[in-house]
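Colleague: sequence below, structure please.
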Amino acid sequence: MNFLDDLNDSQREAVEYIDGPSLVIAGAGSGKTRVLTYKIAYLLTQGYKPWEIMALTFTNKAAKEMKERIMRLVGDEARYLRMGTFHSVFSRILRVEAERIGYDANFTIYDEADSRSLCKSLVKELGLDDKIYKAAEIHNRISRAKNSLIGPAEYVQNRELTERDESSKMPMMGKIYTMYCERCKAADAMDFDDLLYNTYLLFRDNCDIREKYAEGFRYYLVDEYQDTNYAQQQIIQQLASHHKHVCVVGDDAQSIYAFRGANVDNILDFQQQYAGAQLFKLERNYRSTKKIVEAANGLIHKNVRQIHKNVYSENADGDNLSLSQLSSDREEAMFVCRDIRRKIREKGMSYSDFAILYRTNSQSRPFEDQMLKDNMPYRVYGGMSFYQRKEIKDIVAYLRLVANNNDEEAFKRIVNYPTRGIGDVTVNKILTLAREGGIGVWEVIRDIDSPSYAKHFNKGVASKIRTFRELIEGFVSKIATVDAYELGKEIVQQSEIAKELYSSKEPEYLSKQENMEEFLSSMHDFVADAREEGNPTGLLDFLHEVALLSDRDKEVDVPQVTLMTIHSAKGLEFPCVYIVGMEENIFPSQQSTDSQRKLEEERRLLYVAITRAERYCILTYCKSRFRYGKMEFGAPSRFLRDIDRKLVNVEGGGGYAPSMQPRQMHQAHSMRPTHFAVNMRAMTPREQSSEQTVQSGGGYSVGDRVVHNRFGIGTVQQMEGVGDSLKITVDFQNAGMKKLLAKFAQLKKL
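Modeller: Purely as a prediction, here's the structure:
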């Protein structure tokens with residue numbers, strides 16, 4: 001049997017064309033990997049030798065799996081194919097040709113930690129402020145420059161880059177970049193980005209070597225071409241210019257990595273860059289139901305810059321997408337967990353059938369908390385669980401030290417974070433004195449000026465220790481009078497953790513900032529819940545809850561719900577997908593609303609999220625979230641209006657803001673405030689007049705329908721006590737049964 005018989009007509013046409021450059025646009029779930037695999041196998045049957053084919057992927061895992069599939073099709077000769085990531089393939093070429101660019105064949109490859117260490121050393125050597133010149137940010141800027149093929153000489157001549165550096169108070173960035181490259185060369189080392197940058201220079205400056213590889217490899221194939229950066233695109237052009245035998249495969253509708261340097265123009269402009277390039281479209285989706293595919297199509301067709309295609313499915317029609325409005329992120333997490341349990345119970349599904357997708361890492365926290373409380377197994381894919389993230393562990397260490405001054409592990413973690421000049425030598429002296437005296441570390445710090453301890457520290461170090469002691473003691477003095485949230489807020493501000501995390505606008509720091517704010521939101525939720533339920537609201541009580549959650553946050557070898565950012569979900573699929581946080585300034589993100597190009601990438605990101613779903617796709621958004629120290633009310637994401645309403649079942653008040661006229665919606669979308677001060681669904685005057693805040697002491701009857709700003713809608717089941725002691729038991733739709741103190745609950749009658 002001819003193995004090409006396994007392909008549909010579109011796939012087969014893409015595989016069999018090998019006479020010139022070709023672009024294969026592979027819609028979501030359309031069999032992209034199969035086409036690449038079969039095309040390489042087909043080349044081997046058409047007289048190409050394995051060593052004449054170069055296939056470039058974005059992960060070594062993808063290359064390995066592809067090679068194994070090819071071997072099953074054509075036999076062991078496939079083992080000699082040159083396949084791998086851009087970096088792995090070109091690093092081998094650089095080792096062979098190292099002498100031509102002034103390197104030894106045994107050059108070292110610096111990993112990210114090595115690169116950042118070198119950046120840190122240069123900052124110290126130049127006498128610069130390491131709170132401004134952060135190693136991570138310096139390395140990120142150098143990386144972006146190299147991937148844009150901008151060397152140190154071009155960098156210092158680039159006005160846009162130098163003005164950016166000056167505006168961010170880093171005018172010495174060009175000097176650091178120059179020194180960084182000089183030090184790498186002197187150490188006979190290349191960093192990860194040099195593997196592309198130096199390959200480009202090798203081919204640019206050595207025509208004979210470029211021709212050797214251009215002729216030696218008769219066919220080039222590139223996977224996920226929409227994710228290539230400028231350097232990768234230029235290297236492919238250098239190599240494929242000889243015979244034009246190049247095939248790139250990808251989907252412009254799934255280009256979502258601009259923050260890593262990916263350039264969607266590479267795939268959009270391929271046919272202009274390669275004269276006579278043939279275009280093949282894989283439009284049949286084998287993954288999802290018809291309605292999911294139609295909804296995704298309607299969304300992505302709103303983008304202006306795209307290669308138009310009509311993705312279709314021959315699977316079952318399936319259910320409509322579901323859109324639910326929730327009162328808060330707390331209720332959102334409760335709703336999702338409840339719906340997962342219902343589907344498992346009613347449809348025989350497994351925990352591993354479910355994925356919860358969110359725009360930013362910080363959004364995992366309420367879902368993790370709820371799943372831990374519900375004993376629901378989960379895993380955070382492609383990242384750490386919320387309470388294991390460094391910035392969260394740092395904040396928790398401060399809280400622990402304030403609650404227990406002799407917590408040695410907490411002390412070691414944060415005594416010099418943020419940097420306050422108390423180095424390892426000093427810390428080890430304090431620990432040694434504590435152990436020799438059989439006492440806790442804080443007793444040494446408390447008595448640092450006593451004769452027995454003072455002799456071990458010079459005046460400058462002793463002063464820094466006293467300053468740290470006074471900082472912690474100031475927090476300790478408030479434990480009995482201030483609730484956990486207020487004290488936590490004060491700690492992250494006065495310790496300068498907030499200043500440290502807000503000192504950069506790099507994506508890495510933006511994520512840390514969001515996580516810190518989300519942790520403070522968790523403290524706010526804890527205090528609000530405890531107050532309403534008549535429980536203690538102090539720091540010790542909060543730490544007890546965090547310890548219980550963290551202790552249960554362990555990997556288990558059982559089916560698990562997957563939590564992940566949408567960026568991490570690309571290439572994966574699940575029977576049921578929840579896309580949460582569908583609100584303006586979350587999705588699309590606030591940083592993306594200032595340009596059409598950024599907005600179109602955000603829309604592609606939602607397209608990727610929807611097309612991960614095989615059978616069920618549920619979208620959710622919240623009327624309110626506690627963010628940045630205040631309760632925010634927002635508008636539903638503008639992208640929800642891009643989806644055909646006939647394909648969406650709306651629950652909980654509607655996601656299409658029916659009470660707003662089109663002009664009003666347009667005005668809301670064009671606004672650029674920090675947040676939208678409107679409800680997810682604007683209330684009608686009749687609804688507003690029927691909603692009444694119940695004051696402490698009465699106004700309730702069993703059976704009353706009420707709404708709570710975090711738990712959503714519920715029904716009064718029982719009342720006990722009077723006046724300030726009145727407790728009301730409410731059965732909430734998603735939060736379940738809650739017994740609340742009426743004077744704090746702020747329930748509203750419907």
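
Colleague: contacting residues for the closest residue to residue 631 other than its chain neighbours?
Modeller: The shortest distance from residue 631 to any non-neighbouring residue, by CB to CB, 6 or more residues apart in numbering, is to residue 624 (5.5 Å). C-betas here are computed from N, CA, C, even on glycine. Residue 624 sits next to 327, 328, 631, 632, 633, 634, 709 when contact means CB atoms under 8 Å, 6 or more residues apart in numbering.

Colleague: the closest residue to the first one other than its chain neighbours: neighbour count?
Modeller: If I follow you right, that is residue 327. Of all residues not flanking residue 327 in the chain, residue 712 sits nearest, at 4.1 Å (CB to CB, 6+ apart). Residue 712 has 24 neighbouring residues, counting by other CB atoms under 10 Å.

Colleague: do the one 3 residues further on as well
Modeller: For residue 715, the neighbour count with other CB under 10 Å is 15.

Colleague: can you list contacts of stretch 97-117?
Modeller: 91, 94-96, 118, 135-136, 139, 142, 184-185, 187-192, 195, 198, 201-202, 205-206, 209.

Colleague: I'd like to know which of these are buried.
Modeller: The neighbour count (16 or more other CB atoms under 10 Å) marks 91, 94, 118, 135-136, 139, 142, 184, 189-192, 195, 198, 202, 209 as buried among those.

Colleague: circling back to that earlier point, look up phi and psi at the residue nearest to residue 631.
Modeller: phi -150, psi 150 (degrees, to the nearest 10).

Colleague: what do you get for residue 315?
Modeller: phi -80, psi -180.

Colleague: correct me if wrong: it contacts residue 294.
Modeller: No - between residue 315 and residue 294 there is no contact under CB atoms under 8 Å: 11.6 Å.

Colleague: if I look at residue 19, how far off is residue 630?
Modeller: 63 Å (CB to CB, to the nearest Å).

Colleague: repeat that for residue 87.
Modeller: 45 Å.

Colleague: higher neighbour count, these two?
Modeller: Using other CB under 10 Å, the more surrounded residue of residue 87 and residue 630 is residue 87, with 18 against 10.

Colleague: where's that one, which helix or strand?
Modeller: helix 86-97 (DSSP states H and E).

Colleague: mind listing what's buried along whatever helix or strand comes next after that helix?
Modeller: Downstream of helix 86-97, the first helix or strand assigned by DSSP H and E is strand 108-110. Judged by neighbour count (16+ other CB under 10 Å), strand 108-110 contains these buried residues: residue 110.

Colleague: next: stretch 75-82.
Modeller: For stretch 75-82, by 16+ other CB under 10 Å, it's 78, 81, 82.

Colleague: what about the residue nearest to the second one when sequence neighbours are not counted, neighbour count?
Modeller: The reference is to residue 81. Of all residues not flanking residue 81 in the chain, residue 50 sits nearest, at 4.6 Å (CB to CB, 6+ apart). Residue 50 has 19 neighbouring residues, counting by other CB under 10 Å.

Colleague: residue 50 and residue 16, how far apart?
Modeller: 19 Å.

Colleague: so where do the strands sit in the stretch 651-750 of the chain?
Modeller: 692-693, 705-708, 712-720, 727-732, 736-741, 748-749 (DSSP state E, counting those that start in this stretch).

Colleague: closest one to residue 595 among these?
Modeller: Among the strands of the stretch 651-750 of the chain, strand 712-720 comes nearest to residue 595, with 35.9 Å by CB to CB.

Colleague: now the angle from the closest one to strand 736-741?
Modeller: 60 degrees (axes from the mean of the first three to the mean of the last three CA atoms, to 10 degrees).

Colleague: of the buried ones among the contacts of stretch 97-117, closest to residue 699?
Modeller: Distances from residue 699 to those, taken by CB to CB, are shortest for residue 136, at 55.1 Å.

Colleague: what sits against residue 175?
Modeller: 126, 156.

Colleague: coming back round to it: so which of the buried ones among the contacts of stretch 97-117 are in strands?
Modeller: 189, 190, 191 (DSSP state E).

Colleague: got CSV for those, with distance to residue 341 too?
Modeller: Converted to CSV, these look like this (distance: CB to CB, whole Å):
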residue, distance to residue 341
189, 53
190, 52
191, 48
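
Colleague: flag the shaky bits of the protein, pLDDT-wise.
Modeller: Filtered on pLDDT under 70, the chain yields the residue ranges 1, 550-556, 652-698.

Colleague: 80 instead, please
Modeller: For the chain, the stretches with pLDDT under 80 are 1, 242, 383, 505-507, 547-557, 627-630, 634, 652-700.

Colleague: quick check: angle from the biggest helix by length in it to strand 727-732?
Modeller: Looking across the chain with DSSP state H, the single longest helix is helix 507-532. Taking the same axes, to 10 degrees, one finds helix 507-532 and strand 727-732 inclined to each other by 130 degrees.

Colleague: following the chain past helix 507-532, name the next helix or strand.
Modeller: helix 539-552.

Colleague: and the angle from that next one to helix 507-532?
Modeller: 120 degrees.

Colleague: name the helices or strands packed onto helix 539-552?
Modeller: helix 364-373, helix 390-403, helix 484-494, helix 507-532 (3 or more CB pairs under 8 Å, 6 or more residues apart in numbering; DSSP states H and E).
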